[in-house]
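K.L.:
Quick check, what structure comes out for this input:
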Amino acid sequence: AGVGSAYDPPDKEGLFHYFEHTAFKGTEKRSKEELKAFAVRNTLGNNASTRKLTTEYYGEAVLRKFPELCDFLCDIYFNSVYPANEIEIEKEVVLNEIARGWDDDYYAAIKHMCNNLWESNPLRLLGVGTPSGVRNISRSDLLRERDRWHIPSNTIALAVGKVDHDDFVAEIAK
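P.N.:
So this is what the prediction gives:
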């Protein structure tokens with residue numbers, strides 16, 4: 001998705017980082033448990049990451065599982081429901097990730113350098129967020145941003161490997 005931490009609202013720094021964390025917690029057609037089971041059976045691995053200008057969801061699979069992988073990733077990307085109970089649980093995970101980063105001297109130095117170089121530029125944000133910003137995020141924020149940014153016109157889909165272009169486009173279009 002063409003959106004990342006530079007788009008975080010000032011009072012919700014970490015929104016898009018938290019957004020990708022919670023995307024794997026359930027969709028309109030799969031529960032969190034079903035997503036995990038599906039991933040174990042059909043993928044070699046999957047994950048997500050947030051950068052300054054993008055949020056990425058990715059996975060690996062053998063070629064014969066390619067249609068299933070496309071369906072899985074598109075389901076997470078377009079149909080995540082952000083269950084209320086999972087949102088609060090995941091906040092602790094993200095808050096621990098933020099604290100771990102702040103304990104890292106390299107991370108702290110980069111954070112201070114970016115804040116001093118770019119006083120008001122949103123690219124100064126490192127993306128993981130702040131504790132107060134993450135605590136301010138609600139389920140309605142997540143649903144609103146999904147509907148705003150996770151749309152075909154703001155999406156880039158890539159496939160690497162022995163994948164036929166027309167087959168790939170057809171799978172993503174489903």
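
K.L.:
This structure: strands as residue ranges?
P.N.:
Secondary structure of the chain (DSSP state E): strands located at 45-50, 55-60.

K.L.:
of all those, which lies closest to E90?
P.N.:
Ranking those by their distance to E90 (criterion: CB to CB) puts strand 45-50 first, at 12.3 Å. (Glycine included, C-beta is placed from N, CA and C.)

K.L.:
Low-confidence regions, this protein specifically.
P.N.:
With pLDDT under 70 as the threshold, the chain has low-confidence stretches at 122-127.

K.L.:
Which stretches in it count as helices?
P.N.:
Ranges of helices in the chain, per DSSP state H, are 15-22, 32-42, 66-79, 84-102, 105-117, 131-135, 139-149, 165-173.

K.L.:
I'd like those helices laid out as CSV, including distance to T50 and mean neighbour count.
P.N.:
Shown next, in CSV, are these (distance: least, CB to CB, whole Å; neighbours: other CB atoms under 10 Å):
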stretch, distance to T50, mean neighbour count
helix 15-22, 4, 24
helix 32-42, 19, 14
helix 66-79, 13, 19
helix 84-102, 11, 14
helix 105-117, 15, 11
helix 131-135, 13, 17
helix 139-149, 12, 15
helix 165-173, 21, 13
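
K.L.:
Among those, which comes closest to A1?
P.N.:
Each of the helices of the chain has some distance to A1 by CB to CB; the shortest is helix 139-149, at 5.1 Å.

K.L.:
center of the protein - which residue?
P.N.:
Here the mean C-alpha position of the chain is nearest to the C-alpha of E20 (CA atoms, centre = their mean), at a distance of 2.2 Å.

K.L.:
Does that one touch A48 like I think?
P.N.:
Yes: using CB atoms under 8 Å, E20 is in contact with A48, at 3.9 Å.

K.L.:
what touches both of these two?
P.N.:
Between them, E20 and A48 have 55-57 as joint contacts when contacts are counted by CB atoms under 8 Å, 6 or more residues apart in numbering.

K.L.:
what residues are up against P131?
P.N.:
95, 98-99.

K.L.:
Distance to C114 for those - can I get that in TSV?
P.N.:
Below are those laid out as TSV (distance: CB to CB, whole Å):
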residue	distance to C114
L95	21
I98	15
A99	19
